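Student: Here's my sequence, what's the structure:
(one chain, ligands or ions: 1)
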Amino acid sequence: MVALSRIGPTVFFCSLIWLALIGPACGQAPPVRLEVRVDARALAPGEPLRIRVVADAPLDALGATFLDEAIYMTAADASGQHWSGWSMIGLDQEPVVASIELRGSARDGREALGARALTVIEKTFPEENLTVAPRFVEPPPEVQERIARERAKLADIYGRREPYAPPVEPFVRPVPGIKTSIFGMRRLFNGQPRSPHPGLDLRAEEGTPVHASGPGRVVLAEDLYYSGNTVIIDHGGGLFTLYAHLSEINVTAGDQVSAGDLVGLSGSTGRVTGPHLHWGAKIGDRPFDPEALLAPVLF
Ligand SMILES: [Zn+2]
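Tutor: Just a heads-up that it's a prediction; the model follows:
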């Protein structure tokens, strides 16, 4: 204020105008521009999105959000200019125009900004009635602790994020059989409503070889109450696939697998109506339709 009183208010306000008009051009650097590309089979409930970002300067860090969820972004190479991440559209999402918002920091200290608007279309899912052993609908008291322990273990697994991007190659079918129940079916077990079907059921006789659908690291290979003998693979960047109701498990936690490697044999362990493979896919703890991993991207 000493300086202001000496130079007078007129000079002070002229300086403010100069800063407002000229300052952004020569004083403050413009933000780094981010080009956002989205690969998806469809912009509909239950569908995953792969987001690829090209920055016009190297970045140190990049964060993104879509439909109020954070997207875990990883550098796709050492240049710092190519980043990718996976998001998804929740099963109960209403049609909406929503924007992927990106904000990061460049290695030269500038801010990086980008956005891409997407139109989410409507999709509804049919209902199915299933009859299973009563202990899978009303679990007896003696298994409650086991169920809680397994739920906590799964939450821990799905909370992890390997700091590398999932593979860009399409995934492979874990078994050749046709679909017997689609992802997202609204389900009643013994007449009681339960969570929508979080995966895809594929026809597989007892003992059919089950293959890893993509490369990654086995993070769980054990018997769980609902999904029976189960294998979960972490593909990096928060993308996981799951293989359930196996009669036999042929991998152990920590194993590195390639697409097509044998992980076990199909069966009918856990909450089932008969032998089949339940194939699941998740981004973090949110399930999406695994069949989307097999499809070529649209845009
Ligand atoms: Zn299933």
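
Student: going forward, measure contacts between C-alpha atoms and count neighbours the same way
Tutor: OK.

Student: Could you give the number of residues near the residue of the chain found nearest the ion?
Tutor: Ranked by Cα to the ion, the top residue of the chain for proximity to the ion is residue 278, at 4.2 Å. A count of neighbours around residue 278, defined by other Cα atoms under 10 Å, yields 28.

Student: ok, what's across the strand from it?
Tutor: Beta bridges link residue 278 to residue 201, residue 244 when assigned by DSSP bridges.

Student: Over to the one 4 residues further on?
Tutor: Going by DSSP bridges, residue 282 is paired in beta bridges with residue 240, residue 287.

Student: Going forward, the N-terminal residue is numbered 35.
Tutor: All right, first residue 35 from here; so that's residue 316.

Student: That one contacts residue 275, doesn't it?
Tutor: Yes: proximity of residue 316 to residue 275 meets the contact threshold set by Cα atoms under 8 Å, at 6.3 Å.

Student: how about the residues of this structure near the ion?
Tutor: 235, 312 (Cα under 5 Å from the ion).

Student: residue contacts, the closest residue in space to residue 162 that isn't next to it in sequence?
Tutor: Take residue 162 and drop its neighbours on the chain: the residue closest to it by Cα to Cα, 6 or more residues apart in numbering is residue 221, 5.1 Å away. For residue 221, the contact set (Cα atoms under 8 Å, 6 or more residues apart in numbering) comprises 161, 162, 163, 164, 227, 228, 229, 230, 231.

Student: quick one, phi/psi of residue 221?
Tutor: Backbone geometry at residue 221, expressed as degrees, to the nearest 10, gives phi -120, psi 140.

Student: Report the beta-bridge partner residues of it.
Tutor: residue 162, residue 228.

Student: ok, now how distant is it from residue 145?
Tutor: For residue 221, the distance to residue 145 equals 47 Å [Cα to Cα, to the nearest Å].

Student: same deal with residue 283?
Tutor: 48 Å.

Student: higher neighbour count, those two?
Tutor: residue 283 (21 against 17).

Student: Helices along the stretch 35-184 of the chain, start to end?
Tutor: Under the criterion DSSP state H, counting those that start in this stretch, the stretch 35-184 of the chain contains helices at 36-41, 43-55, 57-60, 175-192.

Student: Compare the contacts of residue 221 and tell me which has the most neighbours.
Tutor: Most surrounded of those: other Cα under 10 Å gives residue 231, at 22 neighbours.

Student: State whether that residue and residue 219 are indeed in contact, as I suppose.
Tutor: Yes: using Cα under 8 Å as the test, residue 231 is close enough to residue 219 to be in contact (5.2 Å).

Student: Now do the contacts for the closest residue to residue 285 other than its chain neighbours.
Tutor: Excluding its sequence neighbours, the residue lying closest to residue 285 (Cα to Cα, 6+ apart) is residue 297, at 5.5 Å. Residue 297 sits next to 243, 244, 245, 246, 265, 283, 284, 285 when contact means Cα under 8 Å, 6+ apart.

Student: so how far is residue 314 from the fifth one?
Tutor: Pointing back at residue 265 there. As judged by Cα to Cα, residue 265 and residue 314 stand 10 Å apart.

Student: now swap in the second one and tell me
Tutor: Residue 244 is 13 Å from residue 314, where distance means Cα to Cα.

Student: tell me, what's touching the two both at once?
Tutor: By Cα under 8 Å, 6+ apart, the residues touching both residue 244 and residue 314 are residue 277.

Student: Neighbour count: those two, which is higher?
Tutor: Applying other Cα under 10 Å to residue 244 and residue 314 shows that residue 244 carries more neighbours, namely 26 against 22.

Student: follow-up on the earlier one: need the overlap of contacts for residue 265 and residue 314.
Tutor: Between them, residue 265 and residue 314 share the contacting residues 276, 277, judged by Cα under 8 Å, 6+ apart.

Student: Give me the below-cutoff pLDDT ranges for the stretch 185-333 of the chain.
Tutor: 330-333 (pLDDT under 70).

Student: In the stretch 35-184 of the chain, where is pLDDT below threshold?
Tutor: 35-61.

Student: Let's see that with 80 instead.
Tutor: The stretch 35-184 of the chain contains residues with pLDDT under 80 at 35-62.

Student: centroid residue for the protein?
Tutor: residue 317 (2.0 Å; Cα atoms, centre = their mean).

Student: Not counting its neighbours along the chain, what's nearest it?
Tutor: Nearest residue to residue 317, sequence neighbours excluded (Cα to Cα, 6+ apart): residue 273, at 4.7 Å.

Student: show me what contacts residue 322?
Tutor: 80, 81, 82, 122, 124, 217, 232, 233, 314, 315, 316.
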